[in-house]
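A.B. asks: pasting the sequence and the predicted coordinates here, then a few questions.
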Amino acid sequence: MDHRRRRVVAGTAGAAAAATFGWPLSGARAERNEQAGADPDVHIELRAVQERVALRPGAPTRVWRYRGSVLRGDAGTLEASSDTYLGPILRVRRGQRVRLDLVNELPEPTIVHWHGLHVPDTMDGHPRHAIAPGQRYVYEFTVRNRAGSYWFHPHPHGRTGAQVYFGLAGLFLVSDDEEAALGLPDGRYDLPLVLQDRSFDADNQFVYLESDLPGGVPADNLGRPPIGGPGMMGPGMMGGGMMGGGMGRGGMGGGMGSMMARMMGVLGDEILVNGRSSAILSVERRPYRLRVLNGSNTRIYKLAWHDGSPLVVIGSDGGLLAAPVRRDYVMLGPAERVDLWVDFARWSAGSELALQSLAFDGAMNMGGMMMGRSALPDGAAFRVLALRVGDGPQGSQETAPPRRLSDLPPADPRAAINFDHPKVFELTMQRMAWGINGRTFEMLGVTPYETVRLGTHELWEFRNDATTGMMGMAMPHAMHVHGVQFRVVGRSVSGGFPDYRDSVAAGFVDEGWKDTVLVMPGERVRILVHFADYPGLFLYHCHMLEHEDGGMMRNYRVMA
């Protein structure tokens with residue numbers, strides 16, 4: 001299917017959707033007009049493939065990964081590595097027109113979501129657009145986002161957790177003139193750090209779930225319904241498995257372990273940085289920009305330096321903050337990003353440093369039933385990354401980041417059309433199925449409550465204090481809204497829950513643009529969302545991927 005045919009299919013699908021959902025046809029026409037311009041500035045082919053990569057001593061690990069090639073434009077747009085499953089890194093500029101051909105060479109359907117990007121709905125990677133093995137999907141859009149650290153990953157219904165775990169993820173880094181004028185560290189001093197947790201078996205193969213083989217082929221058949229539908233009773237649900245990383249190593253395991261892993265989320269027992277375990281990074285005594293992505297399926301990080309030095313945050317999900325902020329630690333839920341300014345002149349040559357995750361309260365909890373059995377429980381303390389400071393000028397002054405980073409006006413909740421009555425989205429579990437306001441995912445389903453008007457602002461409130469759980473279960477959720485960047489305008493804790501703020505609140509970075517926000521047990525988080533440019537059907541969901549696969553995902557519709 002070449003790009004000309006893809007445009008025809010997209011236009012036809014848009015017209016059909018307009019008739020089905022009541023969208024005005026002008027939206028479908030506008031999307032086609034945007035795609036019908038000149039040749040793109042950048043054209044990349046991205047293949048999702050099965051390979052083996054030597055990640056540890058011994059046998060190579062079977063992985064799924066993206067392989068990319070530049071068909072048009074600057075070859076430096078794409079940066080790949082042969083010694084990890086991650087990547088490639090795509091580097092583009094704001095305002096560029098990009099075309100990306102996804103070719104599916106996997107044994108099951110897939111689609112790519114451009115996480116954090118503001119694109120038309122047919123370019124966003126909704127699971128309704130998943131393509132079968134051997135097929136091609138062509139994305140074409142103008143990069144409208146400000147400079148920032150975005151990323152991409154698969155998004156097929158019921159299989160997102162497995163496909164990401166097996167290796168499918170990459171960074172999408174955007175630059176612009178505002179950022180370039182600051183003279184931030186670049187080149188080899190601009191370092192992406194993707195944090196993930198994985199478990200390996202004795203043969204160096206990924207351990208995910210018994211019904212999802214590390215080689216990537218589901219244990220039963222390729223034509224099964226997606227796992228994690230209503231009731232969460234997908235095929236293989238009661239098969240053997242693991243809880244987190246440790247359940248396959250002397251924990252509960254078996255049917256109950258597999259069931260709980262699907263429900264609560266999978267935790268690995270090793271921390272990988274950029275796809276490598278026991279990561280050690282050599283740095284010079286000078287400023288660096290560290291772009292940190294939590295690419296884990298479920299795990300939350302409470303990042304801090306080993307010696308208590310403050311973290312200097314210059315950016316978050318949607319790009320640079322207005323000014324640097326200092327934190328003793330930073331909380332990072334799945335899919336969240338922070339950009340850190342670090343001048344390693346702070347430490348003497350030859351020093352060995354550690355970026356670590358501190359212990360915290362409010363992580364996954366079911367009355368202590370399961371999580372204490374994981375080899376590396378969520379909320380435990382552990383080292384993330386070792387750093388060795390190389391030789392350099394002794395006694396040099398530590399360099400501070402620019403005092404002003406970006407023109408970022410404060411969020412004004414009064415801009416919302418529902419300022420006096422924010423929309424409430426309860427994060428629920430009923431009959432062993434995750435949901436939002438008691439509803440689980442429907443491929444095309446959307447309620448009037450989930451319908452918004454193009455060009456308006458709304459206040460949404462995610463409430464993680466529903467009483468419809470089971471066995472006293474309470475756990476965090478990382479809520480992601482597709483197609484937009486939003487502002488966090490308030491956090492509160494409802495009665496009847498412990499207040500975890502003493503353990504985590506000082507680490508939230510809510511000052512900038514966000515697309516994912518961590519909502520702790522008992523917490524209510526209010527966000528201000530602007531629905532601009534694109535009508536259509538978009539997703540909002542928990543980015544703890546087993547929760548998403550298990551039904552905690554819904555559509556919202558933007559009406560022109």
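C.D. replies: Cool, got the structure.

A.B. asks: show me what contacts residue 316?
C.D. replies: Taking C-beta atoms under 8 Å, 6 or more residues apart in numbering, we find residue 316 in contact with 336-339, 509, 511-514. The way it works is simple: take the backbone N, C-alpha and C, and place the C-beta from them, glycine included.

A.B. asks: if we go to 10 Å?
C.D. replies: Contacts for residue 316 (C-beta atoms under 10 Å, 6 or more residues apart in numbering) come out as 148-149, 325, 330, 332, 336-339, 485, 488, 509-516.

A.B. asks: please apply the same query to residue 532.
C.D. replies: Residue 532 neighbours (C-beta under 10 Å, 6+ apart): 118, 144, 454-457, 483-484, 558.

A.B. asks: got it, and residue 52?
C.D. replies: 59-63, 85, 204-205, 215.

A.B. asks: who wins for most neighbours among these?
C.D. replies: Using other C-beta atoms under 10 Å as the neighbour test, the contacts of residue 52 are led by residue 85, with 26 neighbours.

A.B. asks: quick one: neighbours of the closest residue in space to that residue that isn't next to it in sequence, just the number.
C.D. replies: Nearest-residue entry for residue 85: residue 167, 3.5 Å, with adjacent residues in sequence omitted and distances by C-beta to C-beta, 6 or more residues apart in numbering. Applying other C-beta under 10 Å, we find 27 residues neighbouring residue 167.

A.B. asks: hang on, residue 167 in a helix?
C.D. replies: No - using DSSP: H, G, I helix; E, B strand; the rest coil, the assignment for residue 167 is coil, not a helix.

A.B. asks: touching, it and residue 67? I think so.
C.D. replies: No - with contacts counted by C-beta atoms under 10 Å, residue 167 stays clear of residue 67, the gap being 11.4 Å.

A.B. asks: mutual contacts of these two, please.
C.D. replies: In contact with both residue 167 and residue 67: 48-49, 51, 87, using C-beta under 10 Å, 6+ apart.

A.B. asks: list just the nearest of those residues to residue 163.
C.D. replies: Closest approach to residue 163 among the shared contacts of residue 167 and residue 67 (C-beta to C-beta): residue 48, at 8.3 Å.

A.B. asks: ok so, going back, can I get the contacts of residue 52 in CSV with distance to residue 287, secondary structure and pLDDT?
C.D. replies: Converted to CSV, the contacts of residue 52 look like this (distance: C-beta to C-beta, whole Å; DSSP: H, G, I helix; E, B strand; the rest coil; pLDDT from 0 to 100):
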residue, distance to residue 287, secondary structure, pLDDT
59, 40, coil, 96
60, 37, coil, 96
61, 35, strand, 96
62, 39, strand, 97
63, 34, strand, 97
85, 30, coil, 96
204, 37, coil, 95
205, 40, coil, 96
215, 43, coil, 44
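
A.B. asks: can you say which two of those residues are spatially most distant?
C.D. replies: So, those by C-beta to C-beta: farthest apart are 59 and 85, at 14.7 Å.

A.B. asks: reformat the contacts of residue 532 as CSV; add distance to residue 526 and secondary structure.
C.D. replies: Output for the contacts of residue 532, formatted as CSV (distance: C-beta to C-beta, whole Å; DSSP: H, G, I helix; E, B strand; the rest coil):
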residue, distance to residue 526, secondary structure
118, 21, coil
144, 25, coil
454, 22, coil
455, 21, coil
456, 17, coil
457, 13, strand
483, 19, coil
484, 15, coil
558, 20, strand
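
A.B. asks: tell me the one among these nearest to residue 111.
C.D. replies: Distances from residue 111 to the contacts of residue 532, taken by C-beta to C-beta, are shortest for residue 483, at 14.8 Å.

A.B. asks: show me what contacts the closest one?
C.D. replies: Contacts of residue 483 by C-beta under 10 Å, 6+ apart are 114, 116-121, 123-124, 126, 515, 529, 531-534, 536-540, 556, 558.

A.B. asks: these two touch, right, residue 424 and residue 463?
C.D. replies: Yes - contact criterion C-beta under 10 Å: residue 424 and residue 463 qualify, at 6.0 Å.

A.B. asks: out of the two, which sits in the busier spot?
C.D. replies: More crowded of residue 424 and residue 463, by other C-beta under 10 Å: residue 463, with 19 against 14.

A.B. asks: that one pairs with what?
C.D. replies: residue 426, residue 524 (DSSP bridges).

A.B. asks: I figured it hits residue 437, correct?
C.D. replies: Yes - Residue 463 is within contact range of residue 437, at 9.5 Å (criterion: C-beta under 10 Å).

A.B. asks: list the residues that contact both of the two?
C.D. replies: 424-428.

A.B. asks: pLDDT and distance to residue 550 for these - can I get that in CSV?
C.D. replies: Formatted as CSV, those follow (pLDDT from 0 to 100; distance: C-beta to C-beta, whole Å):
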residue, pLDDT, distance to residue 550
424, 98, 21
425, 98, 17
426, 97, 16
427, 96, 12
428, 93, 12
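
A.B. asks: redo those as JSON lines? Include distance to residue 136.
C.D. replies: Shown next, in JSON lines, are the shared contacts of residue 463 and residue 437 (distance: C-beta to C-beta, whole Å):
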{"residue": "424", "distance to residue 136": "41"}
{"residue": "425", "distance to residue 136": "35"}
{"residue": "426", "distance to residue 136": "40"}
{"residue": "427", "distance to residue 136": "36"}
{"residue": "428", "distance to residue 136": "38"}
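
A.B. asks: which single one of these is nearest to residue 378?
C.D. replies: Looking across those and measuring by C-beta to C-beta, the closest to residue 378 is residue 427, at 16.8 Å.

A.B. asks: contacts only, for the closest one.
C.D. replies: Contacts of residue 427 by C-beta under 10 Å, 6+ apart are 434-437, 462-466, 468-469, 475-477, 479, 519, 521, 523, 542, 547, 552.
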